[in-house]
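A.B. asks: the following comprises the amino acid sequence and a computationally predicted model.
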Amino acid sequence: MKFVISILLTAALGFAICLYLPWWSFAVTSAIVALAVHQKAWKAFVAGFTGMFLLWGFLAFFIDVNNNHILLQKISGLLGLGASVIIIVTAFIGGIISGVAALTGSYARKLH
Amino acid sequence: MRIFFCILYAAITIVLIVTLDMPLPKGGGKTPRMGYFLSPQKGFWQNAEATGSKFDGNIKIPGLQGKTEVYFDDRLVPHVYADNDNDAYFVQGYLHAKFRLWQMEFQTYAAGGRLSEIMGDSSNGSNFLKIDIFFRRLGMVYGAENSLKAMEADPVTKQALDAYTSGVNEYINSLDETNYPLEYKLLNYKPEPWTNLKSALFLKYMSYDLTGADNDIEMTNAKAIFSKAQFEKLFPYGNDSVQNIIPKGTPFAKRGVTLKIPETADSLYFNYKETIKVPANPVKPDRGNGSNNWAVDGTKTKSGRPILCSDPHLGLNLPSLWYEMQISTPSYNVYGVSFPGSPAIIIGFNDDCAWGVTNAGRDVKDYYSVTFQDSSQTHYLFNYEWKKAEKRLEVIKIKGKPEHVEEIPMTLWGPVMYDKNYNGNNRVADGKAYALRWTAHDPSNELRTFIMLDRAKNLDDYKNAISTFKNPGQNFVFASKSGDIAIKEQGNFPAKWRRQGDFVMPGKDSSYAMQNIPDSENIVLHNPSRGFVSSANQYAYDTSYPYYMGGTDYEYFRPNIINRNLAAMKGITAEDMQHLQTDNYNLLAEMARPPLLKYINTSALSDSEKRYLDIFTSWNLRNDATEQGPTIFTSLWDNVMYGVYNDEFSKTDLRLPPIDDETLVRALRKDSLYEFADDITTPQKETFRDIITLAFKKTVPDMVRAEKDSALVWGRFKNSGIRHLLRIPALSRLHLLSGGGDHIINAYTQYHGPSWRMVVQLTDETEAYGLYPGGQSGNPGSEYYDTFINKWLKGEYYPIHIFKKEDMQKQQNLLGTITFSK
């Protein structure tokens, strides 16, 4: 349950903070979630990763569908990567930063 | 241990973020900040507009005087209804920014020599610093500042510019990094505030594009290398058989300016054999920059009312140079295309009349050699005196590097374009310097003309509106509902004696300076008995005009084929005019094919070579996309051009001017003993027969290769496209199957051609058609980015209307409504 909650919290807070602050600001909320929800370090990482991976992956996917793939097709040509690869890379960047940030938070908690 | 891990992971997080938040080297350029670029909440994803979404809004701005309603029709063309003129320009600025901000800014960065600021000094093989230095030396900023002074001294244009600039800035201020246009995210920079100077710079860029193509240095070299007789043959002046804009036989008033050839002209100008090495221009306007326009009167049309047509030929880019709109205020209603970057409608029609432009192409850009006292270049010789040359410092900021300061000596003639400090491969010889005299540096107010044309009601208003227009000289065509048609080559043209300004002139002698031709000697052709007026970049007048009209790339073929058609046509409809405007008939081929066929020695050809000759022989002379003839003709023509002239031209490694197609076709038709036919690198004497047969044989392997790639048909061979301004293939439309070409009325070459096609029939209820090869939105993530291209390729048109507000409100398929009020 804790695990699912921390995934949801990571995604929700990560989304909210990026409405106002720079693209990477979700790292802070991901760390805070890991700090607040006590889990084993590896679990904190997976939850942090999954939360942002899913958020960014779904956002990218829905934006692309609503856009009828117009822009993603062009960016795909521009970056020389397949369209689905770009969605996965996008999700992965969100995930990895969030995961490592969560690890940081998780270890910070254990300092007490 | 825990603290170690905590710090370790914190460090990794930070490293990840920092790495993904900076541009990384890739190929010859840089990547965007990938984390930002890929963030679905901030990056490129935010530029992916949901299809089918509406462009609605309600915007309150304290500075506005009244209320403005904007209705977007089904093609995203805004129909703007403003309470007053001021608000209309504000809203125009806002809309330009909303749909075209990146392009507006980028074009002014290019014009003002600031590309290095956003692109770095070089990237992907382009040397942006060199391009910037070129534009600074050209005096673009200097010219724009002078024009701005003139525009701001006139309350009408000052008010329009101020309102426009506020509108642009209102939009810019509403942005943050989430909704910057895509290209800012790609190149990693931010929009800066718009200024009136930026509008002036944009307009100056049009001057550069349309009057920046001089060949003076090349001509000076040619004069030194060829004999006088050869020179006149290679680069003839005037042309008896071209149809001038003002028909032959029109009487000209006595010259208003006294032309005095300086006493030293023979020794220091005409016979002075000096060659000039200058750095290869990093940028030159496209040779194809030109246009067609014409108007027919009621005697020639089915409706009994005039029809006006205009299609400016310019570089075809995405986002397009043009933005289509209707503007209505209590004082006028106008529809047409505008320049994102400037207020007003540039080409269009209102309730009473229509107008269009083509480029005059007169040479208004000349060089004077300057003798400096010493290498400090502080004083130069002028009329036996040392005059002080003020230094203009142009600071070029470079992304990631220290700034570059270009020191430009300013002379009475203008800025020194080339001197020992001008950086380049072929540096100017020590002690030499060349100053530029370009009419685009003079204070002038072109914006006023368009503002007045938008409101013009009759012929007098048209004449008044254009009378102050100076640079770039344009042929303004006009037609009104009252039945008038007219055309005038308008501009500030130097009064020259024969060949003046074709070569670099001595700069120490004021007697080489030029006055301007009085505007009264720019002639208006009004309701001629032949029933039409037209222009297509030819000489405006024949050689009996009392001034020399030197220029570059005067067109011969388009004006003659247009006039041949217009003279023959009767009972013309708007549809007939659309067909003419998109016509692919090749007059050059019509004139060149008979002599080419005569000279090709068929007995020397193999069977496979004969097959291509047969295709060429039976070709219908149309550059349609599916024809094979134009491919063979164009390749053959290039090879003949090369075969005839390359031996003479490769005597030197200096830059020489190009030979006009008309010069070669005339030689082929009239001069069987043409001296340049001989290949001077061989002991024997070649004739056209040898050179042309050889050229044909050389053409065939290319045709075999093309056929293998299924690219023998013209549309594939030409391989046309419409490129994104950054030349990024993924944002461009490439490999488009299309007809047309150089010298064809449908002047679509590879990346250049009719940038806006418009046909307006001036019946009581205006019947108008138009489109440009682009889309109303500059956002590559919008479904309206390239909407019109397919229809444009097919030669089709959209009906266009000045709608009343009530009629717009009733339309079912509007794409949105934005209201502006205080």
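C.D. replies: Perfect, thanks for sending it.
A.B. asks: okay, CA-based contacts and neighbour counts for the rest of this
C.D. replies: Fine.
A.B. asks: on the three-state scheme, the closest residue to chain A within the stretch 551-700 of chain B is what?
C.D. replies: Of all residues in the stretch 551-700 of chain B, B:Ala625 sits closest to chain A, at 26.7 Å by C-alpha to the nearest C-alpha. Assigned by DSSP: H, G, I helix; E, B strand; the rest coil, the conformation of B:Ala625 is coil.
A.B. asks: neighbours around B:Ser520, how many?
C.D. replies: Here the number of neighbours of B:Ser520 (other C-alpha atoms under 10 Å in any protein chain shown) works out to 10.
A.B. asks: give me the low-pLDDT residue ranges for the chain?
C.D. replies: Since no chain was named, I'll use chain A. Where chain A drops to pLDDT under 70, the residues are A:110-112.
A.B. asks: wrong one, chain B
C.D. replies: In chain B, residues with pLDDT under 70: B:279-282, B:423-426.
A.B. asks: where's the helix ranked longest in it relative to the chain centroid, distance-wise?
C.D. replies: Identified as the longest helix of chain B according to DSSP state H is helix B:85-111. On the basis of C-alpha atoms, centre = their mean, to the nearest Å, helix B:85-111 sits 19 Å off its chain's mean C-alpha point.
A.B. asks: packing partners for the helix or strand following it?
C.D. replies: Using DSSP states H and E, the helix or strand that directly follows helix B:85-111 along the chain is helix B:115-119. Using 3 or more C-alpha pairs under 8 Å, 6 or more residues apart in numbering or on different chains; DSSP states H and E, the elements in contact with helix B:115-119 are helix B:128-137, strand B:390-398.
A.B. asks: any chance of a markdown table for those, columns mean neighbour count?
C.D. replies: A markdown table is the format used below for those (neighbours: other C-alpha atoms under 10 Å in any protein chain shown):
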| stretch | mean neighbour count |
| --- | --- |
| helix B:128-137 | 23 |
| strand B:390-398 | 17 |
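A.B. asks: between the ones you listed, which gets nearest to B:Leu664?
C.D. replies: Closest approach to B:Leu664 among the helices and strands packed on helix B:115-119 (C-alpha to C-alpha): helix B:128-137, 32.6 Å.
A.B. asks: and the closest residue in space to B:Ile789 that isn't next to it in sequence, helix, strand or coil?
C.D. replies: Distance criterion C-alpha to C-alpha, 6 or more residues apart in numbering or on different chains; nearest residue to B:Ile789, sequence neighbours excluded, is B:Pro773 at 4.6 Å. Three-state assignment for B:Pro773 (three-state DSSP): coil.
A.B. asks: hey, which helix is longest across chain A?
C.D. replies: helix A:83-110.
A.B. asks: name the helices or strands packed onto it?
C.D. replies: Secondary elements touching helix A:83-110 (3+ C-alpha pairs under 8 Å, 6+ apart): helix A:26-36, helix A:41-66, helix A:70-79, helix B:2-20.
A.B. asks: how deep is B:Ile615 tucked in, by neighbour count?
C.D. replies: Other residues close to B:Ile615 by other C-alpha under 10 Å number 16.
A.B. asks: and if you look at the one 4 residues further on?
C.D. replies: Neighbouring residues of B:Trp619 were enumerated by other C-alpha under 10 Å; the total is 17.
A.B. asks: do the same with B:Phe676
C.D. replies: 21.
A.B. asks: next to chain A, which bits of the stretch 401-550 of chain B? Give me the list.
C.D. replies: Counting by C-alpha under 8 Å from any C-alpha of the partner chain, no residue of the stretch 401-550 of chain B lies close to chain A.
A.B. asks: contact partners for the closest residue to chain A within the stretch 401-550 of chain B?
C.D. replies: Chain A sits closest to B:Lys401 of the stretch 401-550 of chain B, with a gap of 26.2 Å, by C-alpha to the nearest C-alpha. Taking C-alpha atoms under 8 Å, 6 or more residues apart in numbering or on different chains as the contact definition, B:Lys401 lies against B:Gly120.
A.B. asks: partner residues bridging it?
C.D. replies: B:Ile398 (DSSP bridges).
A.B. asks: any idea how far it is from B:Ile408?
C.D. replies: 21 Å (C-alpha to C-alpha, to the nearest Å).
A.B. asks: ditto for B:Phe339
C.D. replies: In terms of C-alpha to C-alpha, B:Phe339 sits 31 Å off from B:Ile408.
A.B. asks: what about the residue of the stretch 551-700 of chain B closest to chain A, how many residues close to it?
C.D. replies: 20.
A.B. asks: what sits against it?
C.D. replies: Contacts of B:Ala625 by C-alpha under 8 Å, 6+ apart are B:713-716, B:737-740.
A.B. asks: at 10 Å what do you get?
C.D. replies: B:584, B:631, B:713-718, B:736-740 (C-alpha atoms under 10 Å, 6 or more residues apart in numbering or on different chains).
A.B. asks: do I have it right that B:Val242 meets B:Asn560?
C.D. replies: Yes - between B:Val242 and B:Asn560 there is a contact at 6.4 Å, judged by C-alpha atoms under 10 Å.
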